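In: What shape does this take:
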Amino acid sequence: QVQLVESGGGLVQTGGSLRLSCAASGRTFSAYGMGWFRQAPGKEREFVAYIRASGRTVYADSVKDRFTVSRDNAKNTVFLQMNSLKPEDTAVYYCAARPAYSTTYYSQEFPYWGQGTQVTVSS
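Out: Sure, this is the predicted structure:
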């Protein structure tokens, strides 16, 4: 069982930056793949970024070159550094964990989720 708690959301102007954190419980954190998803009002939850247990990263095209996902296994924490933020990045951001390896990133593949943190980018 893994419990996830996100933090770091807030209100920022266009072009600004935020750093989200996701603290995980459990002794096997380093073995989990960790994902970030987001959901805007009236829209489906979408994939944002993923970091494998190996440290390899994957990004959605919409955030590539602006967002960076990283992890600190000693602190059981995964981060999402978001730069050059745009109004369309406004959403609730969720971190998620899965123990199994996969090359797809559907939300249904992640059994563990945090409660979400709101990110609002003003124009």
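In: rest of the way, CA atoms for contacts and neighbours
Out: Noted.
In: got the contact list for the strand or helix carrying Ala97?
Out: Per DSSP states H and E, Ala97 falls inside strand 91-98. Contact with strand 91-98 is made by 2, 4, 6, 22, 32-41, 109-120, as judged by CA atoms under 8 Å, 6 or more residues apart in numbering.
In: model confidence over it, on average?
Out: The pLDDT scores in strand 91-98 average 97.
In: hang on, the earlier thing: give me the buried entries from the contacts of strand 91-98.
Out: Listed as buried from the contacts of strand 91-98 are 2, 4, 6, 22, 32-40, 110, 112-114, 116-120; burial here means 16 or more other CA atoms under 10 Å.
In: what pLDDT does the most centrally placed residue in the chain get?
Out: Central residue of the chain (CA atoms, centre = their mean): Trp36, 2.2 Å from the mean position. pLDDT for Trp36: 98.
In: Adjacent strands (with direction) for the helix or strand it falls within?
Out: For Trp36, the host element (DSSP H and E) is strand 33-39. Under the criterion DSSP bridges, strand 33-39 sits next to strand 46-51 (antiparallel), strand 91-98 (antiparallel) in its sheet.
In: Next, Val69: secondary structure please.
Out: Recorded secondary structure, Val69: strand (DSSP: H, G, I helix; E, B strand; the rest coil).
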